[in-house]
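Q: coordinates for the following, if possible.
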Amino acid sequence: MKLAISAGGTGGHIFPGIAVAEALKAMDTKNDAVFIGTRQGLEGRIIPAAGFRLLYVEAYQFLGRSPFYKVLTLIRLLKGILMSIRILREEKPDAILGMGGFTSVPIIIAGRLLGIPCFLHEQNVQPGLANRFLSKITKGTFISFEGTKKYLTTKKILHTGNPLQEKLAKYEGTKKEGEFGIFVFGGSRGARSINDAVLTLLPHLESYKNTVVYHQTGPEDFDRVNMAYKETSITHEVFPFTNEMAKYYSLSDVVISRAGATTIFELAYFKKAAILIPYPYSAGNHQWKNASEVESNGGAYVIANEEATGERLFGAIKHLMKEPEILKELGENIGKIYLDDAAEQIIGGIAHGLS
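A: Numbering: from 1, shown residues only. Modelled structure (predicted):
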């Protein structure tokens, strides 16, 4: 099978697409995957580094723009569709998988015009405008969260979970007995508001000598945050970025993070209790919807970005320190949303749709 995967914009769309491509190649070396994206997203850096070809089309966000910009976007959409038609005629994929967002719109429309079977994957609980539209014209939609079904009118839905890349393996090291680990991160670029909240948490933790904090700050905030930790007696590791996410998930008892779909499914994979602080400016407020879905199933505590203070964080952490059974229960509950064959289910769903 040759699969064209439309994935662009943010890592939340790109990394699950790469996971599907990796699984496809692992099934049979004759299988092939080609990515289609834009020049303005993160795909130009991430996808070639993962070892896959990336071809470019024009695609632009529609929501939140002026009327003039929306007209301009529609004109650009026509250009993007024509570019997509040319690419698809040259590549001749057996099927197209859109990973959502505005990047997928011209590719899916072009695929429909050419009669190529088109499929969609939705990472978040609540689909955005693009996926709500595209789900009506594709052969099937794969969803990460069971709760997504209530937002879609199509009946062609398969709950697969959110694919994670193969390289996210279990950490082979061991956690020191009696140590309470806290892993803090706000995405690859960090999150200043989370960094600020955790800095006000540090004085509350100083008397807890068994506590270790692992903090990914993002490159822009590293010096400031690192200096603040050095002025405390808290055992810590502070770094701008890490490729060893599995290590720090494994060493932690609780994770403080945003609520993107990839993060939530990584937490589920490692069965980690979490304090989720959703990014308040995510499109359609989708991070809040993700976090609320997890919290309603007993898998995390959720604190609004504007309410994330050292006192609020300490209250939650102190409670989990004193109640290890609740800590374990949170991890077990979030772990229930993880499906370890998500990529294979997506590929199987596509293959079934082609047969």
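Q: I'd say residue 337 and residue 148 touch.
A: No. Using Cβ atoms under 8 Å, residue 337 is not in contact with residue 148; the gap is 11.6 Å. No exception for glycine: its C-beta is placed from N, CA and C like everyone else's.
Q: which helix or strand contains residue 207?
A: Secondary structure assigned from DSSP states H and E places residue 207 in neither a helix nor a strand.
Q: quick one: the strands in the stretch 1-150 of the chain?
A: All strands of the stretch 1-150 of the chain, identified by DSSP state E, counting those that start in this stretch, fall at 2-6, 32-37, 53-56, 95-98, 118-122, 140-143.
Q: can I get the ones you listed in a markdown table with distance to residue 181 and mean pLDDT?
A: Below are those laid out as a markdown table (distance: least, Cβ to Cβ, whole Å; pLDDT from 0 to 100):
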| stretch | distance to residue 181 | mean pLDDT |
| --- | --- | --- |
| strand 2-6 | 36 | 98 |
| strand 32-37 | 36 | 98 |
| strand 53-56 | 37 | 98 |
| strand 95-98 | 37 | 98 |
| strand 118-122 | 32 | 98 |
| strand 140-143 | 32 | 97 |
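Q: to residue 79, which of those lies closest?
A: Closest approach to residue 79 among the strands of the stretch 1-150 of the chain (Cβ to Cβ): strand 53-56, 12.1 Å.
Q: check the offset of that closest one from the chain's centre.
A: Relative to its parent chain, strand 53-56 has a centroid offset of 21 Å by Cα atoms, centre = their mean, to the nearest Å.
Q: outline the domain layout of the protein.
A: Domain assignment for the chain by automatic domain parsing gives 2-161+339-354, 180-335.
Q: residue 181 belongs to a strand, doesn't it?
A: Yes. Assigned with DSSP: H, G, I helix; E, B strand; the rest coil, residue 181 falls within a strand.
Q: and residue 275, bridged to which residues?
A: For residue 275, the beta-bridge assignment (DSSP bridges) gives partners residue 256, residue 301.
Q: return the residues in contact with it.
A: 254, 255, 256, 257, 300, 301, 302, 303, 313, 316, 317 (Cβ atoms under 8 Å, 6 or more residues apart in numbering).
Q: tabulate the residues you listed (a markdown table), appending pLDDT, neighbour count and distance to residue 44.
A: Below are these laid out as a markdown table (pLDDT from 0 to 100; neighbours: other Cβ atoms under 10 Å; distance: Cβ to Cβ, whole Å):
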| residue | pLDDT | neighbour count | distance to residue 44 |
| --- | --- | --- | --- |
| 254 | 98 | 23 | 35 |
| 255 | 98 | 25 | 29 |
| 256 | 98 | 27 | 30 |
| 257 | 98 | 25 | 26 |
| 300 | 98 | 28 | 33 |
| 301 | 98 | 23 | 36 |
| 302 | 98 | 21 | 33 |
| 303 | 98 | 20 | 34 |
| 313 | 98 | 25 | 36 |
| 316 | 98 | 17 | 39 |
| 317 | 98 | 24 | 39 |
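Q: export the strands of the stretch 1-150 of the chain to a markdown table and tack on distance to residue 326 and mean neighbour count?
A: Formatted as a markdown table, the strands of the stretch 1-150 of the chain follow (distance: least, Cβ to Cβ, whole Å; neighbours: other Cβ atoms under 10 Å):
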| stretch | distance to residue 326 | mean neighbour count |
| --- | --- | --- |
| strand 2-6 | 40 | 25 |
| strand 32-37 | 42 | 24 |
| strand 53-56 | 44 | 17 |
| strand 95-98 | 39 | 27 |
| strand 118-122 | 31 | 28 |
| strand 140-143 | 29 | 25 |
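Q: so which of the ones you listed comes closest to residue 225?
A: Residue 225 lies closest to strand 32-37 among the strands of the stretch 1-150 of the chain, at 32.4 Å (Cβ to Cβ).
Q: same for the closest one, what does it pack against?
A: Judged by 3 or more Cβ pairs under 8 Å, 6 or more residues apart in numbering; DSSP states H and E, strand 32-37 is in contact with strand 2-6, helix 11-27, helix 43-49, strand 53-56, helix 67-91.
Q: if we can go back for a sec, with distance to residue 289 added, can I get the strands of the stretch 1-150 of the chain in TSV?
A: Converted to TSV, the strands of the stretch 1-150 of the chain look like this (distance: least, Cβ to Cβ, whole Å):
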stretch	distance to residue 289
strand 2-6	23
strand 32-37	25
strand 53-56	30
strand 95-98	20
strand 118-122	12
strand 140-143	13
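Q: is it true that residue 239 touches residue 221?
A: No. Using Cβ under 8 Å as the test, residue 239 is too far from residue 221 to be in contact (11.4 Å).
Q: looking at the strands of the stretch 1-150 of the chain, which is closest to residue 14?
A: Comparison of the strands of the stretch 1-150 of the chain against residue 14 by Cβ to Cβ identifies strand 32-37 as nearest, at 7.9 Å.
Q: identify the residue nearest residue 305 in space, chain neighbours excluded?
A: Distances taken as Cβ to Cβ, 6 or more residues apart in numbering place residue 280 nearest to residue 305, at 4.5 Å, with adjacent residues excluded.
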